[in-house]
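**Q** One predicted model, sequence on top.
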Amino acid sequence: MRHDLTPDKAADSPIAALIDGMRGYSAYPKETIRQSILVDVARFSAPAVIAKLIDSMYANPDYLAVVAARSYHHANHFDKIILVDDEAENGFRLAIHLWRPPYTSDEVGDDQIHSHRCEFWSNVLFGALDSLEYCRSDTGTTFTEVTYGAEYSDTGAKINVYTTVGDATLADARYIRRPAGTTYHLPDYCIHRIRISIRIPTATILVRGPHTREMSSVFSNTTVYAPTAEMQPLTVDQLRERLHFIGENLP
């Protein structure tokens, strides 16, 4: 079950508004809907709303199992908890991303610069998100560029399929620090890297829009990618533990 649009039958109005905005994406001018979803994400991200959502998940074992089966520890060193997956219909997804120290020196030093196949809207629930943005350039640092897309196993587990493209030169564009409570929009053309904190856990709630291209790219001089990599789904107990941690750290 990958296309569940009802995380909570008794959902607060901010949750319902957010889902309605996701469904209305193609019906309105893009800039209008972008601003509308940004407002909805800010309302949905209020600590009281997130806390109620987590409580409702505890009370719904079937939904917990659905979320656990499509959630996993991402190759970029964070837990991706997929709350709503409308990928086959309107192409939207609602997820929580959790970065939680400690990290190894290799993980902190991992380049993991990447692009996206879509635009997204996000709110920093707690901690702080440090991001380095890049642009393609004739001058800068040369990385190995690898494209990847998603497939799914017979059990529904996500599989990343990687293809090496060659060298790509990137120039630093800007550094952005987004503290807790910040709501922002990231366009689909952005290339960036999240700087992992070795001290402070960080969680974000994220609405991903429809895909605008077939593949994403990752740029790295520290990681060699196998042709395929299967993302291991979280167990229900692992999901419960992560939800408890998120709930305990909400402001």
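**A** Yep, that arrived.
**Q** Low-confidence stretches in the protein?
**A** 1-13, 87-90 (pLDDT under 70).
**Q** now the helices: where do they sit in it?
**A** Along the chain, the segments classed as helices by DSSP state H run 13-23, 30-44, 47-58, 61-70, 105-109, 236-249.
**Q** would TSV of those with mean neighbour count be doable?
**A** The C-beta positions use only the backbone N, C-alpha and C, and glycine is treated the same way. Putting those into TSV (neighbours: other Cβ atoms under 10 Å) gives the following:
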stretch	mean neighbour count
helix 13-23	19
helix 30-44	17
helix 47-58	16
helix 61-70	18
helix 105-109	11
helix 236-249	16
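**Q** Find the nearest non-adjacent residue to residue 199, please.
**A** Spatial nearest neighbour of residue 199, excluding adjacent residues (Cβ to Cβ, 6 or more residues apart in numbering): residue 101 at 6.1 Å.
**Q** where does the one you found fall, phi/psi-wise?
**A** Note on residue 101: backbone dihedrals following degrees, to the nearest 10 are phi -60, psi 160.
**Q** measure residue 240 to residue 51 for me?
**A** Distance, residue 240 to residue 51, using Cβ to Cβ, to the nearest Å: 15 Å.
**Q** For residue 184, list the residues it contacts.
**A** Counting by Cβ atoms under 8 Å, 6 or more residues apart in numbering, residue 184 touches 38, 121-123, 178.
**Q** between the helices of the chain, which gets nearest to residue 193?
**A** With Cβ to Cβ as the criterion, residue 193 lies closest to helix 105-109 of the helices of the chain, at 11.5 Å.
**Q** what does that closest one contact?
**A** Under the contact criterion Cβ under 8 Å, 6+ apart, helix 105-109 has outside partners 77, 196, 198, 222.
**Q** Quick check on the second one: phi, psi?
**A** Geometry field for residue 196 lists phi and psi as phi -70, psi 130, criterion degrees, to the nearest 10.
**Q** Looking at the contacts of helix 105-109, which is nearest residue 229?
**A** Compare each of the contacts of helix 105-109 with residue 229 using Cβ to Cβ and the shortest gap goes to residue 77, at 13.7 Å.
**Q** Pull the number of nearby residues for that closest one.
**A** Residue 77 has 17 neighbouring residues, counting by other Cβ atoms under 10 Å.
**Q** The nearest residue to residue 190 once chain neighbours are set aside: neighbouring residues, count only.
**A** Using Cβ to Cβ, 6+ apart and skipping the chain neighbours, the partner closest in space to residue 190 is residue 133 (6.2 Å). For residue 133, the tally of surrounding residues (other Cβ under 10 Å) stands at 16.
**Q** check contacts around residue 133.
**A** Going by Cβ under 8 Å, 6+ apart, residue 133 touches 172-176, 190-192.
**Q** Could you rerun that using 10 Å?
**A** Neighbouring residues of residue 133 by Cβ atoms under 10 Å, 6 or more residues apart in numbering: 113, 170, 172-176, 186, 190-193.
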